[in-house]
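S.K.: Build the 3D model from these lines:
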Amino acid sequence: MAIPADYEERVYAGVLGKIIGVYLGKPFEGWTCERITAELGEITGYVHEKFGRSIVELDDDIAGTFAFVRAMADYGSGRDITADEIGRTWLNCLIEGRTVLWWGGLGTSTEHTAYLRLKSGLTAPDSGSIEVNGPVVAQQIGGQIFIDGWGMVAPGDPELAAELAREAASASHDGEGIYGAQVVAAMEALAFVEADINRLLDIAVSFIPKDSHIYRLIGELRELHGGQPDWRGAREWLAAEYPYARFGGSCPMVPNHGLIILALLYGGGNFAKSLMIVNTSGWDTDCNSGNLGCLLCIRDGLAAFDADGIDWRGPVADRLYVPTADAGGGVTDAVIETYRIVNSGRALAGLDAVTPKGGARFHFEFPGALQGFAVEPRGAAAVALENVEGHSRLGKRALAIRYRKLGTARVSTPTFARPEEFQDFGYRMVASPTLYAGQTVRAGVQADAENESPVTCRLTVDVFGADDELVVMQGGEVSLEPGGDRELTWRVPDTKGSPIADVGIELASDAGADGVAYLDYLRWDGAPNVVLGAAERGGTMWQRAWVNGADTVSFGRGDRTYRICQNRGTGLLIQGTREWTDYRASTSIRVNLAASAGLAARVGGMRRYYALLLVKEGVQLVKAFDELTVLAETDLTWEFGGTHELALEVVGGQIKAWVDSRQMFDVTDNERPLAGGAVALVVEEGSFSADSVTICPADQT
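M.R.: Residues are numbered from 1 along each chain as shown. You can find the predicted model right below:
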């Protein structure tokens, strides 16, 4: 598999096409063509404002697409990744009833049904098979919805993409539910090197059975397209010949796949026209629009968005959410997700990972990329953002901040969700902040050489305060003369338990001047130095910063900050990010009744962590990587209702653990060690309470 020269930018375009397509079709998902036409007309642009909704919302189509493809990195990015490994990724990243999926119940939601099969011990592909779940449940649309990442990791190799798609889709689907996914993934992989729509279809259908509904449907639509010039006439034919009722279930694969092919043919490859057709046609609009948008934008690159003068990208600003048990991955953007996919694709091709601008989280290296940055509505200055070439020490592009009559202005990007985003719109937000007190923020800034006067810059964050109102915290000022270039550095101070909502750059000028400043990159590093407890400023966001993977969690009851209960299996209360590597975590716990309870570090989901656990008549140091492995254990006398201090330190492959200030373990993990992750309070079949959790650098004890 040869990596195309423009691979990174084409993946970025595909990611944008996916999320834009979903955002476009989401407000009227499930509507008929007739209702859409009568109430909205043809869908030629975003309509979210007519529904009083935000354009960027939680959605399973987006979350599942970018969550499940992470199996590639978690299992070594090999061509031989299996359905079983992808099923294990489901169990690791999903929190039952809360994340990613439509939790519609056994036999109603295909994905929920598959999850329950996996949870019961059945492995993929049996978990999604017709034999286990029946032909109706197994052949719904979900296998196709989540498939785009598997096409994008195999650029120019449709055969590999079809094989990966088969493995991925079979975790939850079978039959036509797999065939449609294979066709989409194969076309997406081939679109990196082939633009002709007929050629894409010819090759994609060669990977599925000729006696399948999907194969026959594609052939019939292609034949119809040759004689029926009106897409609406073709839509009527499809609804008559392949209606939902013919296949059963709430969202069958075959008719919705037909709409993707219909819009691809009648749209002629044009992004705006194709998405107008697929969305106006109704049924599962956000799913179909997302798959088609991804395919067309891989095919045409970023130019796909420019053909019709519609601002597809501006309102989105790259933003998306991937709410999973990988807590710090919930608030993300199209550039970050692009490089997850790109580096899996490069690994498949035997190439090293790429990390623009030394691994900066925000680097703006793609044309038009904003990575969530927006102008805050403060002050009277007129400020606009533009991604531009040049003005970068480490790369090729930067974010231009153009200002008039400056005074004071600020641009920022989210590091956590807002309170309103935790409302339940059918899917729930779970996420941890990505930035914490004690970490060091660095930003490269430059003043344009033609500026009228110096401009003052400083780093800032907003934290959630009383009633969850935002409170500004500011770093030191740096004055930039015209043409000046500096790196701003700021260690984020104690936020008193309040989570950080966003990070940004504040610009100021006493002269109220016009000019341009350039943000080259923004990043942060180091272990947090933070106490995760009740926020001194109040509010509720300190509670929402925890990702709840347990049956019941309560905050601030009695003399304890947290109370966690799990009726069966193991529950976790998680906070932090995979970027936390070497650190020390500590807390005080009181076990009421439990098979085991304790503190975890380097948590990367429900089944990835190290944990120090109090168990019957002893204490254990364990590693969870799909299954639980005891790294070390020893006897310890403790009683229910007693209070114990736990501490866990991770540095490289070395794990140290203490109970009541007594070092219990010093172990080195040399077998697939967990490189980084969040902290968690862990309980197996029982309940316990805990005080605040403290995280600090490993050398700060």
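
S.K.: Which strands or helices does the top strand by length along the chain pack on?
M.R.: Scanning the chain for the longest strand, with DSSP state E as the assignment, gives strand 583-603. Using 3 or more Cβ pairs under 8 Å, 6 or more residues apart in numbering; DSSP states H and E, the elements in contact with strand 583-603 are strand 562-575, strand 608-615, strand 643-651, strand 678-690, strand 693-696. From N, CA and C alone the C-beta is placed, and that goes for glycine too.

S.K.: Let me have those strands in TSV, extended by mean pLDDT, mean neighbour count and distance to Arg216.
M.R.: Supplementary listing: the helices and strands packed on strand 583-603 in TSV, determined by pLDDT from 0 to 100; neighbours: other Cβ atoms under 10 Å; distance: least, Cβ to Cβ, whole Å:
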stretch	mean pLDDT	mean neighbour count	distance to Arg216
strand 562-575	97	22	44
strand 608-615	98	24	43
strand 643-651	97	20	55
strand 678-690	97	25	48
strand 693-696	96	21	57
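
S.K.: got the CA coordinates for the longest strand of the chain in CSV?
M.R.: Output of strand 583-603 as CSV, limited to C-alpha atoms (Å, rounded to 0.1, in the frame of the first residue of the first chain):
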residue,chain,number,x,y,z
TYR,A,583,2.6,10.9,37.5
ARG,A,584,1.5,10.1,41.0
ALA,A,585,-2.2,9.7,42.1
SER,A,586,-3.5,9.4,45.6
THR,A,587,-6.7,9.3,47.6
SER,A,588,-8.4,8.1,50.8
ILE,A,589,-11.1,5.5,50.5
ARG,A,590,-13.6,3.8,52.8
VAL,A,591,-15.0,0.5,51.5
ASN,A,592,-18.6,-0.3,52.5
LEU,A,593,-18.9,-3.7,50.7
ALA,A,594,-17.0,-4.7,47.6
ALA,A,595,-15.2,-7.6,46.0
SER,A,596,-12.4,-5.1,45.3
ALA,A,597,-12.0,-1.3,45.3
GLY,A,598,-9.2,1.2,44.8
LEU,A,599,-7.4,3.6,42.6
ALA,A,600,-6.4,3.3,38.9
ALA,A,601,-3.8,5.1,36.7
ARG,A,602,-3.1,5.3,33.0
VAL,A,603,-6.8,4.6,32.3
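
S.K.: Paired strands for it, with orientation please.
M.R.: strand 608-615 (antiparallel), strand 643-651 (antiparallel), strand 678-690 (antiparallel), strand 693-696 (antiparallel) (DSSP bridges).

S.K.: now the angle from the third one to strand 562-575?
M.R.: It refers to strand 678-690. Counting by axes from the mean of the first three to the mean of the last three Cα atoms, to 10 degrees, strand 678-690 points 180 degrees away from the direction of strand 562-575.

S.K.: Please put the alpha-carbon coordinates of strand 678-690 into PDB.
M.R.: The C-alpha coordinates for strand 678-690 follow below in PDB (Å, rounded to 0.1, in the frame of the first residue of the first chain):
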ATOM      1  CA  ALA A 678      -6.400   9.100  33.100                       C
ATOM      2  CA  VAL A 679      -7.100   8.300  36.800                       C
ATOM      3  CA  ALA A 680     -10.100   6.400  38.100                       C
ATOM      4  CA  LEU A 681     -11.800   5.200  41.200                       C
ATOM      5  CA  VAL A 682     -12.500   1.500  40.700                       C
ATOM      6  CA  VAL A 683     -15.000  -0.800  42.300                       C
ATOM      7  CA  GLU A 684     -16.000  -4.400  41.700                       C
ATOM      8  CA  GLU A 685     -19.500  -5.500  42.800                       C
ATOM      9  CA  GLY A 686     -20.000  -3.200  45.800                       C
ATOM     10  CA  SER A 687     -19.600   0.300  46.900                       C
ATOM     11  CA  PHE A 688     -17.000   2.600  48.500                       C
ATOM     12  CA  SER A 689     -16.500   6.300  49.100                       C
ATOM     13  CA  ALA A 690     -13.400   8.400  48.400                       C
END
